[in-house]
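Colleague: Task: produce atomic coordinates for the following.
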Amino acid sequence: MVLQFVLPAIVVFAFIMISAYAGALRALEVYFDPDLDSIFLSDDAEPPKFRRD
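Modeller: I've put the predicted structure just below:
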């Protein structure tokens, strides 16, 4: 009886944690990549672009 509430909660929690972890890794990858402009550091509404310096 308790499993019908606990099991879905564990599945949802795991999905959210994995998504947050993947998002954090992606943000760090963009932040530390010298060839990408980070959307987190810009004031523009445009997506990150490759620099051609």
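Colleague: what helix or strand is residue 12 on?
Modeller: Element membership of residue 12, judged by DSSP states H and E, is helix 3-32.
Colleague: What average pLDDT does that helix get?
Modeller: Averaging pLDDT along helix 3-32 gives 88.
Colleague: Which elements pack onto that helix?
Modeller: For helix 3-32, not one helix or strand is in contact under the criterion 3 or more C-beta pairs under 8 Å, 6 or more residues apart in numbering; DSSP states H and E. Yep, even glycine has a C-beta here, placed from its N, CA and C like the rest.
Colleague: and residue 27, how many neighbours?
Modeller: 13 (other C-beta atoms under 10 Å).
Colleague: Relative to residue 17, how far out is it?
Modeller: Counting by C-beta to C-beta, to the nearest Å, the gap from residue 27 to residue 17 is 16 Å.
Colleague: How about residue 24?
Modeller: 11 Å.
Colleague: now swap in residue 5 and tell me
Modeller: For residue 5, the distance to residue 17 (C-beta to C-beta) stands at 19 Å.
Colleague: Ok, residue 11 next?
Modeller: Residue 11 sits 11 Å away from residue 17, going by C-beta to C-beta.
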